[in-house]
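Chemist: Sequence plus the predicted model coming up.
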Amino acid sequence: MVRCTECGAEIDVDEDEVEEGEILSCAECEADLEVVQVHPVRLNVISDEDDLEEEEEEDGDEDDEDKVPDTPDEPDADLDDPE
């Protein structure tokens, strides 16, 4: 038996039947919990904010790859004219 790290409710978990990385759900607060350790069982809350941040980071990485470096629209006249 472990407790939800979000609300403290008891969650009936048999450590012989869960695997690390498995996602459980709290019946009381409906939080998604990831099994981070099996013996003894330890859970971490998976928040929607973390998921959104990861998606934004992934989107940001993709944008960086496609981005063309900024170039000036017109060449600097002083550099082209030797006078």
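Modeler: Sure thing, it's come through.
Chemist: Count residues in the vicinity of residue 4, would you?
Modeler: If you count neighbours by other CB atoms under 10 Å, residue 4 ends up with 20. Placement of C-beta: from N, CA and C, glycine included.
Chemist: how about the helices of this protein, start to end?
Modeler: Counting by DSSP state H, residue ranges of the helices within the chain are 48-66, 77-80.
Chemist: What ranges does the chain have for its strands?
Modeler: Using DSSP state E, the strands of the chain run over 2-3, 10-11, 23-25, 32-37, 42-46.
Chemist: export those strands to JSON lines and tack on distance to residue 17 and mean pLDDT?
Modeler: Listed next are the strands of the chain as JSON lines, based on distance: least, CB to CB, whole Å; pLDDT from 0 to 100:
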{"stretch": "strand 2-3", "distance to residue 17": "13", "mean pLDDT": "92"}
{"stretch": "strand 10-11", "distance to residue 17": "13", "mean pLDDT": "92"}
{"stretch": "strand 23-25", "distance to residue 17": "11", "mean pLDDT": "93"}
{"stretch": "strand 32-37", "distance to residue 17": "11", "mean pLDDT": "94"}
{"stretch": "strand 42-46", "distance to residue 17": "14", "mean pLDDT": "92"}
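Chemist: would you list these in TSV and tack on mean neighbour count?
Modeler: Shown next, in TSV, are those (neighbours: other CB atoms under 10 Å):
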stretch	mean neighbour count
strand 2-3	15
strand 10-11	14
strand 23-25	13
strand 32-37	16
strand 42-46	17
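Chemist: so what's the residue nearest to residue 43 when sequence neighbours are not counted bridging to?
Modeler: Once flanking residues are discounted, residue 43 sits nearest to residue 33: 4.2 Å by CB to CB, 6 or more residues apart in numbering. Beta-bridge pairing for residue 33 (DSSP bridges): residue 24, residue 45.
Chemist: Wait, residue 33 touches residue 3, no?
Modeler: No: with contacts counted by CB atoms under 8 Å, residue 33 stays clear of residue 3, the gap being 10.1 Å.
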